[in-house]
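Participant: Fold the following for me, if possible:
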Amino acid sequence: MRDGSGVTADGASARVVRAEIREFHEQLAVWLAEGSERTMQRLASAVARELSFVGLDGEALDRDELVAALADAGASRPGLRIAIEDLTVRELASGLWLATFVERQSPGRSRRTSAILRNETKAPLGVAWVHVHETPLG
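Facilitator: Numbers count the residues shown, from 1 in each chain. Predicted structure coming up:
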């Protein structure tokens, strides 16, 4: 339920979801380029326990598998930059959000991503990633 301000009853808004997507990818680029335990902790704390992730290769990972893969990849891509484009967010139900966006990695492959996030007070910005599906572009 909204209160007229565009904020759901439990506090999140499409603005917060957009901010989480951008901040998460900023931190992901830092982690992959430089590695930093604090950055890795931030990434892991934004991922819901029941996360399902489908990567560019079609492989499905759960939360523990994704976090382990990210942990192994720290500082593996010096100079990496990530840009988020064509970001759209809509509320599916109270506190449940669908986001679609294009992630451009430089150097690297671009991908179109669909993600479901939900309100979660313990997450860094108050929303956690529940499902992510990436599709390669060109």
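Participant: so for stretch 14-26, what's the average pLDDT?
Facilitator: Stretch 14-26 shows a mean pLDDT of 98.
Participant: Buried residues, it. List them.
Facilitator: Across stretch 14-26, burial judged by 16 or more other C-beta atoms under 10 Å covers A14, V16, V17, R18, E20, I21, F24, H25. Glycine gets a C-beta too; all of them are placed from N, C-alpha and C.
Participant: My read is that the third one contacts V127, right?
Facilitator: So that's V17. Yes - using C-beta atoms under 8 Å, V17 makes contact with V127 at a distance of 5.5 Å.
Participant: any common contacting residues for the two?
Facilitator: Residues touching both V17 and V127 (C-beta atoms under 8 Å, 6 or more residues apart in numbering): W97, L117.
Participant: L87 - how many residues pack around it?
Facilitator: When neighbours are counted by other C-beta atoms under 10 Å, L87 registers 16.
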